[in-house]
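Student: starting from these lines, generate the structure:
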Amino acid sequence: MTLSTTGIELPTRSRSLRDAVELLSSMRFSISLLTIICIASVIGTVLKQHEPLNNYVNQFGPFWTQAFAALDLYAVYSAWWFMLILAFLVVSTSLCIARNTPKILVDLRTYKEHLRASSLKAFHHRAEGVVPGSRDATFAHVSALLAAGGWKAKAEVREGEGGGVMVAARKGAANKLGYIAAHSAIVLVCIGGLFDGDLIVRAQMAWQDKTAFAGGGMLADVPAAHVLNVGNPTYRGNIGVNEGQRGSTAVIQMKDGVVLQPLPFDIELKKFIVEFYPTGSPRLFASDVVLHDRATGERTETTIKVNQPAQHSGVTIYQSSFEDGGSKLRLTGWPLAGGKPFELAGEVGGGTLLQSPGGEKPMTIEFTGLRTINVENLAAADAQGATDVRKVDLVNRLEQHLGSGAKSANEQALRNIGPSVGYKLRDAAGQAREYNNYMNPVVLDGQRVFLAGVREDANQPFSYLRIPADQDDSLATWMRLRAGLLDAAQREAAVQRYVTRAAPDKPEMASQLAVSARRALELFAGAEPGKPEGPMTGGLLALSDFLEVNVPEADRQRTSEVLLRIMSGTLFELLNLTRERADLLPLTPDDSTQAFMTQAVLSLSDSFFYPAPVLMALDDYTHIQASVFQVTRSPGKTLVYLGCLFLIVGVFAMLYVRERRLWIWLQDAPGGATRLTTALSSTRQTLDIDREFEQIRATLLPEAKP
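Tutor: Numbers count the residues shown, from 1 in each chain. Model (predicted):
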């Protein structure tokens, strides 16, 4: 039987209705819809779904962002057109099944024993010969062979002249049932997807006059108009629970906001467990929870892991992810323009007002995250030694300012470099930058440094300011040096001390040396522009601008080395001067001090590009974890699982089960023998069919030639 690709033809006079029903029930229409769904699924896989709108604007630009939003490509699987296609596919495939199933069932009961004997000569696989024995004996022998081979057969006795017995047999009838199973699988999966999608949620919202909530704040403050009933038959949402706390309301993300779904139980998170690979990525995260049933008050303790969900009251609870649950932070704020450091307390997810040094408008600090483990590749950093400032090429060095804190292209040496805190500084105009500072110093280029990261946009990597740690693993020494650099009186005192030490017996050189040292320090401190009428840049950039304007190109390399040597010596005197004012002993000019000064010069230069008036250093924290669960009530999953089973059975039957039909015509022959004619047909002509027919021919006609 050959299945037709045309649809149902209604006996109606309306041509439009007849054509519409024929198209809707045709196989070609179902295949077209299935192709469109596959293309949409590819789009939904490639394009990240349910991301913040700003992420799409940064990636595609305003025009394409609006174009994609108009097509609901940011939520493909819940888009109205996707649901409509699924509904049409269900109807079309169901009509295809309804149209072809009766034909298939009739064909399964038909053996075609009425086929004319002369028609057997038209088959490709046929054989004919005479076998000894009467027709009845041969018929009994043939029937036994067919039963042993798994063939189902039916015989027709034809009387009269030229009479005989026509035996019609068939094998592989499950091939036709595979068509029904595979197409039924499509219907079941689509219906299950419609049930478990947000179509039911939208219907509930329309029926109960609920709307999506687009505001912010606490879940308890959300109006009842945005809260669904606890008996909602199907939903999929997320709920975050902090350690030691309970949660009972899931958040369902919609296109224009969120709706809240109360659960029939409370989830209490007793402890969150996370284990990491050596690379720093999570290896295992699980949650020890207690489920408190609201109706019965029953307590159920269980552990929820990834791919090991828990079920309660018809709701499945999956371990989705984890996040910070409001860790407590203690920080020290270091004003970069000078001034006393101050202590600050906060928690992740919160914020506080920060009075900017120098009388500017206050800023808001928002604590965005705490990472207790940071694994970085430090192989190249460990292989390098410290850099001598006197050998620095100013132009090349400027290209590296605010470079990556731990990026390396060499072989990996993964190391946990300790906790880090993330925060945002938001000005009065609402503009904010994101910062990420490490708590402990890290060994880079042979020097222990603190990493202070900053970025303008969330899609950009952090650029890090490297601040050298002193012998107490503190920022204090470098911070005092920077404050002294910005103080004109301390700069002048450092110049005089440097001149006295550098030329104690040469008063004729002291005056010129003082001018050079003062000019270098003024340029480096940003108190004097490097170019006439240019901006006050400060750092090595100001020195580079000064050399470019005032020194011929052929002499710049030698002059820059001399100028850097003078400036480094003056900064060393300034460092000891600030230590004396802090009642500390001066540093001796040994190798460790030279390494500190080398990094201090570079970080001081980079600090003029650091876009914040204050640097926040993490002193201590109390880590509080939070677990994010996905809660689902999905009655359609049973249909989906059943559809998957049908699909496996149907595809296997259609691909690996071959339907074969065999006819054997028996006639009386002279001498008490029987003339046997046989033919074989199959839905697919393969080499296996050739071999199978050869075996049948050899069994029925052992003495006949092929």
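
Student: name the helix or strand of this structure that has the lowest mean pLDDT.
Tutor: helix 394-398 (a mean of 46; mean pLDDT, DSSP states H and E).

Student: walk me through the domains of this protein.
Tutor: 15-107, 111-172+658-700, 200-233+235-325+626-633, 482-614 (automatic domain parsing).

Student: so can I have JSON lines of these showing mean neighbour count, distance to residue 418 and mean pLDDT?
Tutor: Where C-beta positions appear, they are placed from N, C-alpha and C, glycine not excepted. Compiled in JSON lines, the domains of the chain are given as follows (neighbours: other CB atoms under 10 Å; distance: least, CB to CB, whole Å; pLDDT from 0 to 100):
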{"stretch": "domain 15-107", "mean neighbour count": "15", "distance to residue 418": "29", "mean pLDDT": "85"}
{"stretch": "domain 111-172+658-700", "mean neighbour count": "16", "distance to residue 418": "66", "mean pLDDT": "89"}
{"stretch": "domain 200-233+235-325+626-633", "mean neighbour count": "16", "distance to residue 418": "12", "mean pLDDT": "89"}
{"stretch": "domain 482-614", "mean neighbour count": "17", "distance to residue 418": "19", "mean pLDDT": "88"}
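
Student: of these, which approaches residue 459 most closely?
Tutor: domain 15-107 (5.3 Å; CB to CB).

Student: gap between the closest one and the chain center?
Tutor: Centre-to-centre, domain 15-107 and its host chain are 24 Å apart (CA atoms, centre = their mean, to the nearest Å).

Student: what of stretch 330-339?
Tutor: For stretch 330-339, the separation from the chain centroid amounts to 37 Å (computed by CA atoms, centre = their mean).

Student: same check, this time on stretch 651-659
Tutor: Taking mean C-alpha positions (CA atoms, centre = their mean), stretch 651-659 and its chain are 38 Å apart.

Student: buried set for that stretch?
Tutor: 653, 654, 657, 658, 659 (16 or more other CB atoms under 10 Å).

Student: neighbours of residue 178, how many?
Tutor: 20 (other CB atoms under 10 Å).

Student: need the contact list for it.
Tutor: 649, 650, 651, 652, 653, 654, 657 (CB atoms under 8 Å, 6 or more residues apart in numbering).

Student: give the helix, strand or coil label for the fourth one.
Tutor: So the one you mean is residue 652. helix (DSSP: H, G, I helix; E, B strand; the rest coil).

Student: remind me, longest strand of the chain?
Tutor: Ranked by residue count and defined by DSSP state E, the top strand of the chain is strand 257-276.

Student: how far does whatever helix or strand comes next after that one sit from its chain's centre?
Tutor: For strand 257-276, the following helix or strand on the C-terminal side (DSSP states H and E) is strand 282-293. Computed by CA atoms, centre = their mean, the separation of strand 282-293 from the middle of its chain amounts to 22 Å.

Student: which helices and strands does strand 282-293 pack with?
Tutor: strand 257-276, strand 299-305, strand 310-312, strand 315-324, strand 625-633 (3 or more CB pairs under 8 Å, 6 or more residues apart in numbering; DSSP states H and E).

Student: show me the strands in the stretch 501-650 of the chain, by range?
Tutor: Using DSSP state E, counting those that start in this stretch, the strands assigned to the stretch 501-650 of the chain run over residues 614-622, 625-633.

Student: closest to residue 454 out of the ones you listed?
Tutor: Using CB to CB, the strands of the stretch 501-650 of the chain put strand 614-622 closest to residue 454, at 9.9 Å.

Student: residue 195 against residue 635, yeah?
Tutor: Yes: contact criterion CB atoms under 8 Å: residue 195 and residue 635 qualify, at 5.9 Å.

Student: any residues in contact with both of these two?
Tutor: residue 234.

Student: the more surrounded of the two?
Tutor: residue 195 (18 against 13).

Student: can you tell me the SS state at that one?
Tutor: helix.

Student: for the spatially closest residue to it that is not a sequence neighbour, give its distance to residue 253.
Tutor: Nearest residue to residue 195 in three dimensions, chain neighbours excluded: residue 636, at 3.2 Å (CB to CB, 6 or more residues apart in numbering). Here residue 636 is placed at a distance of 19 Å from residue 253 (CB to CB, to the nearest Å).

Student: can you give me the first-to-last residue distance of stretch 188-207?
Tutor: End-to-end span of stretch 188-207 (CA to CA, to the nearest Å): 26 Å.

Student: change the start of the numbering to 600 and stick with it
Tutor: All right, first residue 600 from here; so that's stretch 787-806.

Student: residues making contact with that stretch?
Tutor: 676-677, 682, 685-686, 688-689, 692, 809-811, 827-828, 831-835, 851, 853, 858, 1231, 1233-1239, 1241-1243, 1245-1246.

Student: go with 6 Å
Tutor: Contact with stretch 787-806 is made by 677, 682, 685, 688-689, 831, 833-834, 1233-1235, 1238-1239, 1241-1242, as judged by CB atoms under 6 Å, 6 or more residues apart in numbering.

Student: turn the helices and strands packed on strand 881-892 into TSV, columns for distance to residue 1206.
Tutor: Shown next, in TSV, are those (distance: least, CB to CB, whole Å):
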stretch	distance to residue 1206
strand 856-875	33
strand 898-904	46
strand 909-911	51
strand 914-923	29
strand 1224-1232	35
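
Student: nearest to residue 884, out of those?
Tutor: Closest approach to residue 884 among the helices and strands packed on strand 881-892 (CB to CB): strand 856-875, 4.4 Å.
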